[in-house]
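A.B. asks: Below: sequence and its predicted model.
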Amino acid sequence: MGRALHTSTGIRYDRLLQRIRASGNDYFQWPVHQPDVVKDILKSGLDSVTFSIDSINGNETVVEGHTSSKVYENIEAVILGRKGETPKVRLQATIHSGCENDLYDVIRYGGRIGCDVVNVGRLDRQFRPNFEKT
């Protein structure tokens, strides 16, 4: 087994992995004026970073999803600061009943800032029975 490596932002990866990835918004909850977060991501050797974002419009009609308004400028800083094609930046959004326009906004946002991929998924209601079917 290879030894796990940790960065100051909490990213964990294994030296034996051919592809190094991080998933989660927790790394970017800090304000932009703490540039070490973005620098650490850019220097980490990650192949891709995925952010779960279900709304970007500020009025947050999505109440059960990811609406971390703090992360947007940092996501954009990663895209602008990367050298070459890595890390790939992926947005991941889920469909919420009555919030289709939020989903369209996330897709347009991803295209506008230069994201490599925008994934769209639906929630598995067996684990969240209070969600309405879309």
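C.D. replies: Looks like it came in fine.

A.B. asks: For the protein, which segments are assigned as helices?
C.D. replies: Here the chain has its helices, by DSSP state H, at 36-43, 72-81, 100-113.

A.B. asks: and the first one with helix 72-81, angle?
C.D. replies: Angle, helix 36-43 to helix 72-81, by axes from the mean of the first three to the mean of the last three C-alpha atoms, to 10 degrees: 30 degrees.

A.B. asks: Could you number the chain from 642 rather than 1 from now on?
C.D. replies: In the new count, where the first residue is 642, that last one comes out as helix 677-684.

A.B. asks: For helix 677-684, buried residues please.
C.D. replies: The neighbour-count check on helix 677-684 (16 or more other C-beta atoms under 10 Å) flags 678, 679, 681, 682, 683 as buried. Just so you know, the C-beta spots here come from the backbone N, C-alpha and C atoms, and that holds for glycine as well.

A.B. asks: next one: the last one
C.D. replies: Residues 743, 744, 746, 747, 748, 750, 751 are the ones in helix 741-754 that count as buried (16+ other C-beta under 10 Å).

A.B. asks: which other helices and strands contact it?
C.D. replies: Contact partners of helix 741-754 among helices and strands, from 3 or more C-beta pairs under 8 Å, 6 or more residues apart in numbering; DSSP states H and E: helix 713-722, strand 729-736, strand 758-763.

A.B. asks: Let's see that with 7 Å instead.
C.D. replies: Helix 741-754 sits against strand 729-736, strand 758-763, with contacts defined as 3 or more C-beta pairs under 7 Å, 6 or more residues apart in numbering; DSSP states H and E.

A.B. asks: Put the alpha carbons of that helix into CSV.
C.D. replies: Extracted as CSV, the C-alpha positions of helix 741-754 are listed here (Å, rounded to 0.1, in the frame of the first residue of the first chain):
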residue,chain,number,x,y,z
GLU,A,741,-35.5,23.4,-13.2
ASN,A,742,-34.4,27.0,-13.9
ASP,A,743,-31.7,26.7,-11.2
LEU,A,744,-30.4,23.6,-13.0
TYR,A,745,-30.3,25.5,-16.3
ASP,A,746,-28.5,28.4,-14.6
VAL,A,747,-25.8,26.0,-13.3
ILE,A,748,-25.3,24.5,-16.7
ARG,A,749,-24.9,28.0,-18.3
TYR,A,750,-22.6,29.1,-15.5
GLY,A,751,-20.4,26.0,-16.1
GLY,A,752,-20.1,26.9,-19.8
ARG,A,753,-19.5,30.6,-19.1
ILE,A,754,-16.6,30.0,-16.7
